[in-house]
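K.L.:
Need a 3D model of the following:
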Amino acid sequence: MDLRVLGGLTVHEAGVPIAPPTAPTRQVLALLAASTDHAVPTCAIAEELWPNGAPAEAELLLETHVRRMRAVIAAALRAQGGARSAEGVRARVPGGYRLDTGGGSDARAFERTAGAGYRAMGAGDLEPASRRLREALGRWTAAPFAGVTQGPHLRTRAAQLT
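P.N.:
Numbering: from 1, shown residues only. This is a model prediction of the structure:
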(Lines give C-alpha, C1' and ligand atoms only; values in the text may rest on other atoms or scores of the structure.)
Protein backbone atom coordinates (compact mmCIF):
# COMPACT_ATOMS: atom_id res chain seq x y z
CA MET A 1 0.00 0.00 0.00
CA ASP A 2 1.28 3.42 -0.95
CA LEU A 3 0.21 6.13 1.52
CA ARG A 4 0.85 9.79 0.87
CA VAL A 5 -0.06 12.21 3.67
CA LEU A 6 2.55 14.97 3.13
CA GLY A 7 0.12 16.93 1.02
CA GLY A 8 -3.32 15.76 0.03
CA LEU A 9 -4.19 12.29 1.28
CA THR A 10 -3.70 9.71 -1.46
CA VAL A 11 -3.81 5.97 -0.95
CA HIS A 12 -3.07 3.34 -3.59
CA GLU A 13 -2.89 -0.43 -3.52
CA ALA A 14 -0.66 -1.68 -6.35
CA GLY A 15 -1.44 1.49 -8.30
CA VAL A 16 -5.21 1.27 -7.75
CA PRO A 17 -6.54 4.36 -5.92
CA ILE A 18 -8.42 3.95 -2.67
CA ALA A 19 -10.77 6.92 -2.49
CA PRO A 20 -13.44 6.86 0.21
CA PRO A 21 -16.77 8.27 -1.00
CA THR A 22 -17.53 10.57 1.95
CA ALA A 23 -15.59 13.15 3.95
CA PRO A 24 -15.98 11.30 7.30
CA THR A 25 -14.82 8.02 5.74
CA ARG A 26 -11.82 9.86 4.27
CA GLN A 27 -11.15 11.32 7.72
CA VAL A 28 -11.16 7.82 9.27
CA LEU A 29 -8.75 6.60 6.58
CA ALA A 30 -6.49 9.63 7.23
CA LEU A 31 -6.46 8.93 10.96
CA LEU A 32 -5.53 5.28 10.38
CA ALA A 33 -2.90 6.41 7.85
CA ALA A 34 -1.48 8.79 10.48
CA SER A 35 -0.84 5.75 12.68
CA THR A 36 0.10 3.19 10.03
CA ASP A 37 0.50 -0.35 11.28
CA HIS A 38 -0.57 0.66 14.81
CA ALA A 39 -3.94 0.24 16.48
CA VAL A 40 -6.15 3.33 16.68
CA PRO A 41 -8.68 3.08 19.50
CA THR A 42 -12.34 3.43 18.55
CA CYS A 43 -12.65 6.27 21.07
CA ALA A 44 -9.88 8.20 19.22
CA ILE A 45 -11.74 7.76 15.93
CA ALA A 46 -14.93 9.05 17.57
CA GLU A 47 -13.06 12.05 19.02
CA GLU A 48 -11.64 12.77 15.57
CA LEU A 49 -15.03 12.67 13.89
CA TRP A 50 -16.95 14.44 16.64
CA PRO A 51 -14.56 16.65 18.65
CA ASN A 52 -17.47 18.45 20.36
CA GLY A 53 -19.13 15.24 21.51
CA ALA A 54 -20.40 12.19 19.72
CA PRO A 55 -24.04 11.97 18.64
CA ALA A 56 -26.30 9.30 20.10
CA GLU A 57 -25.89 7.14 16.99
CA ALA A 58 -22.08 7.50 16.95
CA GLU A 59 -21.38 3.77 17.19
CA LEU A 60 -23.58 3.02 14.19
CA LEU A 61 -22.12 5.93 12.19
CA LEU A 62 -18.57 4.88 13.01
CA GLU A 63 -19.24 1.32 11.88
CA THR A 64 -20.77 2.69 8.67
CA HIS A 65 -17.64 4.73 7.89
CA VAL A 66 -15.36 1.79 8.65
CA ARG A 67 -17.50 -0.52 6.50
CA ARG A 68 -17.39 1.97 3.59
CA MET A 69 -13.64 2.24 3.91
CA ARG A 70 -13.30 -1.55 3.90
CA ALA A 71 -15.48 -1.76 0.79
CA VAL A 72 -13.27 0.74 -1.07
CA ILE A 73 -10.15 -1.15 0.01
CA ALA A 74 -11.73 -4.45 -1.07
CA ALA A 75 -12.55 -3.02 -4.51
CA ALA A 76 -8.95 -1.85 -4.96
CA LEU A 77 -7.60 -5.23 -3.86
CA ARG A 78 -9.89 -7.04 -6.30
CA ALA A 79 -8.85 -4.72 -9.12
CA GLN A 80 -5.16 -5.42 -8.59
CA GLY A 81 -5.71 -9.16 -7.99
CA GLY A 82 -3.50 -9.47 -4.92
CA ALA A 83 -3.65 -12.03 -2.17
CA ARG A 84 -4.35 -9.52 0.63
CA SER A 85 -7.88 -9.15 1.97
CA ALA A 86 -9.68 -5.97 2.99
CA GLU A 87 -10.08 -7.42 6.48
CA GLY A 88 -6.32 -7.89 6.65
CA VAL A 89 -5.55 -4.39 5.41
CA ARG A 90 -8.13 -2.65 7.58
CA ALA A 91 -7.85 -4.94 10.59
CA ARG A 92 -10.24 -4.94 13.53
CA VAL A 93 -8.19 -5.19 16.72
CA PRO A 94 -9.40 -5.22 20.33
CA GLY A 95 -10.77 -1.77 21.02
CA GLY A 96 -10.07 -0.27 17.60
CA TYR A 97 -8.71 -0.63 14.07
CA ARG A 98 -5.33 -0.85 12.36
CA LEU A 99 -4.30 -0.06 8.79
CA ASP A 100 -1.76 -2.67 7.69
CA THR A 101 0.15 -0.92 4.94
CA GLY A 102 2.71 -3.59 4.27
CA GLY A 103 5.37 -0.90 4.08
CA GLY A 104 4.53 2.45 5.58
CA SER A 105 3.94 5.92 4.27
CA ASP A 106 5.68 8.96 2.89
CA ALA A 107 5.59 10.41 6.43
CA ARG A 108 7.61 7.49 7.76
CA ALA A 109 10.04 7.76 4.86
CA PHE A 110 10.35 11.50 5.55
CA GLU A 111 11.10 10.88 9.24
CA ARG A 112 13.71 8.21 8.41
CA THR A 113 15.40 10.32 5.74
CA ALA A 114 15.38 13.53 7.79
CA GLY A 115 16.70 11.59 10.79
CA ALA A 116 19.57 10.26 8.68
CA GLY A 117 20.29 13.80 7.52
CA TYR A 118 20.38 15.15 11.07
CA ARG A 119 22.61 12.28 12.21
CA ALA A 120 25.01 12.99 9.34
CA MET A 121 24.99 16.68 10.25
CA GLY A 122 25.76 15.81 13.87
CA ALA A 123 28.70 13.71 12.71
CA GLY A 124 30.01 16.61 10.62
CA ASP A 125 29.24 14.94 7.27
CA LEU A 126 27.65 18.00 5.71
CA GLU A 127 27.39 16.87 2.08
CA PRO A 128 25.45 13.65 2.88
CA ALA A 129 23.43 15.58 5.48
CA SER A 130 22.43 18.17 2.92
CA ARG A 131 21.52 15.51 0.36
CA ARG A 132 19.35 13.56 2.83
CA LEU A 133 17.56 16.65 4.14
CA ARG A 134 16.80 17.83 0.57
CA GLU A 135 15.50 14.35 -0.19
CA ALA A 136 13.28 14.45 2.90
CA LEU A 137 11.88 17.88 2.02
CA GLY A 138 11.24 16.72 -1.53
CA ARG A 139 8.54 14.38 -0.22
CA TRP A 140 6.36 17.34 0.74
CA THR A 141 3.77 18.65 -1.72
CA ALA A 142 1.54 20.63 0.70
CA ALA A 143 0.51 20.67 4.35
CA PRO A 144 -0.03 17.20 5.88
CA PHE A 145 -3.50 15.76 5.26
CA ALA A 146 -4.46 18.69 3.00
CA GLY A 147 -8.06 18.43 1.87
CA VAL A 148 -9.11 16.24 4.81
CA THR A 149 -11.24 17.54 7.67
CA GLN A 150 -8.94 17.51 10.68
CA GLY A 151 -10.12 16.82 14.17
CA PRO A 152 -7.85 16.90 17.21
CA HIS A 153 -5.80 13.79 16.42
CA LEU A 154 -5.07 14.65 12.78
CA ARG A 155 -4.24 18.26 13.71
CA THR A 156 -1.76 16.97 16.30
CA ARG A 157 -0.13 14.57 13.84
CA ALA A 158 0.02 17.28 11.16
CA ALA A 159 1.69 19.63 13.64
CA GLN A 160 4.23 16.93 14.57
CA LEU A 161 5.11 16.37 10.94
CA THR A 162 5.35 20.07 10.20
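K.L.:
Walk me through the domains of the chain.
P.N.:
The chain breaks down into these domains under automatic domain parsing: 2-105+142-161, 107-137.
K.L.:
Work out which residue lies at the spatial centre of this structure.
P.N.:
Geometric centre of the chain, nearest residue: A33, 1.5 Å, by Cα atoms, centre = their mean.
K.L.:
can you tell me how far M1 sits from F110?
P.N.:
Applying Cβ to Cβ, to the nearest Å, the value for M1 to F110 is 17 Å. Placement of C-beta: from N, CA and C, glycine included.
K.L.:
what does V28 give?
P.N.:
Relative to F110, V28 is positioned 23 Å away (Cβ to Cβ).
K.L.:
For R78, the count of nearby residues, please.
P.N.:
Per other Cβ atoms under 10 Å, the neighbour tally for R78 reads 12.
K.L.:
what about it, which SS state?
P.N.:
Following DSSP: H, G, I helix; E, B strand; the rest coil, we place R78 in the helix state.
K.L.:
If we ignore the residues flanking it in sequence, what's nearest A30?
P.N.:
Leaving out its chain neighbours, the residue that sits closest to A30 by Cβ to Cβ, 6 or more residues apart in numbering is V148, at 4.5 Å.
K.L.:
For the one you found, give me the pLDDT.
P.N.:
With respect to pLDDT, V148 scores 94.
K.L.:
Surely it is in contact with L154?
P.N.:
Yes. Assessed by Cβ atoms under 8 Å, V148 is found in contact with L154 at 6.8 Å.
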